[in-house]
Structures are given as C-alpha cells and as structure tokens.
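Novice: The following comprises the amino acid sequence and a computationally predicted model.
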Amino acid sequence: RSPVAQQRIMPWELVATGGNQLGGLAVDIAGQNNELALHVVSSGTGEVMKVEPGDDGGPGTLAKRSPTGGFPNALAFDQAGALFVADFAHKSIVSQPVDETEFQVLVGDYEGAQFYGPNSLCFDNNGTLFFTDSGPMGDTSLANPKGSVFCVSHEDQLLKPLALHCLAHPSGIVTSQDGSFVFVAETMANRVLRFVKRPNGVFHCSVYHQFSGGFGPTALACDNQNRLYVARFDFAGAGSA
C-alpha cells in the first residue's frame, strides 16, 4: 500500500481530555528545553491549553496556559516561540511574546474597518503571518460573502489583504512547505482556495478543489511532502442523498 493508504487506515488515538470546545492545534517548536509542546484553544473557557503527556503512554490532560479574556478560535507560534491567537470576541489577532503572560492586540482592523473576527492563522517559512477573517458562523455566508484573507508581512509588518470582503466564511488556512502556496477553506462555499504568490508580491487566487455534499471544509494541514489534509464539517444526522 502507498503511505497515504496506510495513513488512512491508522486507528484514532486519544491524545488528551479536558477543556471546552477545543480547536486550533499548534506545536510550540521553541518550547522549554527545546521540547515540542502541543497546544489547543479551549473556546468555551477562553483559554489556550497545553497537552501534558499521560502516564504509561495513556491519554494526557490539558493544562491551562493562558486566558485570552475572549473567545479564542485558533493559535499559532512563530519561530521564536511567541504565541498568536485568532479571537472572535476581541475581533483581533492577539499575541503573547515569549516570557510574558499578557496578550496584546496585534491587528484588529483594516483601514479603519473592524474585523468580523479572525478565524484561523498560520506562518510561512519566512515568518509572514496569514489569517482568515470570517466572524462566528453566519456573519459571512453565501448570502453575505464578506469574509477576507490577510497577511502581515515579516519584512515590513504591513497588513495586506489577499482577498477582501468577498468570501463565504473563510476558515482554515495553511501554507505549503516552501511557502509558495496558501490554501484556504471557504466553508460556506464547500471548497478549498489556493493563493499563488508571484515574484512581484501579488497573490493570485483560484479554486483548488470544489467539494460536493456535506457542509464544508473547516480546517487544513500540510505535511512535509506537501500533502494537503482537509477536515470537513457536517451537521449530525444530516445524512446524504
């Protein structure tokens, strides 16, 4: 069997329990003693939580790390280990520098217009931050496609739109390993978009994959061989025709 086929039949493993409305997995590659540390957001309690290993290889627990004072939806770490969180309640990207305990607002508006509420975020290999702005479910939809995709360039720290007020609930976002592609899950349109950066710095967008059936993709991941993984959401009991 191919490696992909083998991955598809791997059994599910319970990693940890705890929290409330978990999401936004991220690994701190610059953690204490250079140990990889898995973190999640607990949206229901407004906290970032760290996965603590269990005894004898069993499931671990979630330890409270940092409250945002809002409704965190996703998180990411930069190469230095600073923590960045997309928070619906604050309608901002908030950040927590290394060795600090308080969060501060990184960006909360574009040209004076407040965000709906950042949904997901990621860094490319050059340190540029990408994030989607959708607001809670229903704020941007097929009837009101006002969601956006932004980046904060590592070079000049300027906030720039890749797609402005034109998407139906953009959610998960990830870059390819070399940073040449940015993939975005447009949940309400049931599709994955691809942004390609050209030498002049302009991003070009196209539909990478259009799904049929179900509700829509909500989260994305890309491995070191540039395989794209998509988490798709549907309502319980919705069934299919």
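Specialist: Thanks, I have it.
Novice: lowest confidence element among the helices and strands of the chain?
Specialist: In the chain, the helix or strand scored least confidently by mean pLDDT, DSSP states H and E is helix 3-8, which has a mean of 55.
Novice: list the helices and strands the helix or strand following it packs on?
Specialist: On the C-terminal side of helix 3-8, the closest following helix or strand by DSSP states H and E is strand 16-17. Here strand 16-17 touches strand 60-67, going by 3 or more Cβ pairs under 8 Å, 6 or more residues apart in numbering; DSSP states H and E. C-beta: built from backbone N, CA, C; applies to glycine.
Novice: Give the other helices and strands that the strand it packs on contacts.
Specialist: Packing partners of strand 60-67 (3+ Cβ pairs under 8 Å, 6+ apart): strand 16-17, strand 37-42, strand 47-52.
Novice: out of the ones you listed, nearest to Pro145?
Specialist: Pro145 lies closest, by Cβ to Cβ, to one member of these: strand 37-42, at 25.7 Å.
Novice: Neighbouring strands - and their directions - for the closest one?
Specialist: The strands beside strand 37-42 in its sheet (DSSP bridges) come out as strand 22-28 (antiparallel), strand 47-52 (antiparallel).
Novice: Lowest average confidence across these, which one?
Specialist: Mean pLDDT is lowest for strand 22-28 among those, at a mean of 90.
Novice: rewinding a little: could you redo the strands paired with strand 37-42 as a markdown table and give each row distance to Phe211 and mean neighbour count?
Specialist: Formatted as a markdown table, these follow (distance: least, Cβ to Cβ, whole Å; neighbours: other Cβ atoms under 10 Å):
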| stretch | distance to Phe211 | mean neighbour count |
| --- | --- | --- |
| strand 22-28 | 20 | 18 |
| strand 47-52 | 30 | 19 |
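Novice: how about the ones you listed, which one is nearest Ser141?
Specialist: Set against Ser141 and scored by Cβ to Cβ, the strands paired with strand 37-42 come closest in strand 22-28, at 20.0 Å.
Novice: how near is Leu167 to Pro59?
Specialist: Separation of Leu167 from Pro59 (Cβ to Cβ, to the nearest Å): 37 Å.
Novice: These two: who's more crowded?
Specialist: Counted by other Cβ atoms under 10 Å, Leu167 and Pro59 do not tie: Leu167 has more neighbours, with 25 against 14.
Novice: Angles on the backbone of that one, please.
Specialist: phi -120, psi 150 (degrees, to the nearest 10).
Novice: What residues are bridge-paired with it?
Specialist: Going by DSSP bridges, Leu167 forms beta bridges with Gly147.
Novice: now do Leu75
Specialist: Per DSSP bridges, the residues bridged to Leu75 are Val85.
Novice: What of Phe130?
Specialist: Bridge pairing for Phe130 - DSSP bridges - gives Cys122, Cys151.
Novice: residue contacts, the residue lying closest to Phe233 once chain neighbours are set aside?
Specialist: Leaving aside its chain neighbours, Phe233 sits nearest to Thr218 (4.6 Å; criterion: Cβ to Cβ, 6 or more residues apart in numbering). Contacts for Thr218 (Cβ atoms under 8 Å, 6 or more residues apart in numbering) come out as 171-172, 185, 187, 231-233.
Novice: Please, a PyMOL command that selects the buried ones among those?
Specialist: Selection of buried members from the contacts of Thr218 for PyMOL, criterion 16 or more other Cβ atoms under 10 Å:
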select buried, resi 171+172+185+187
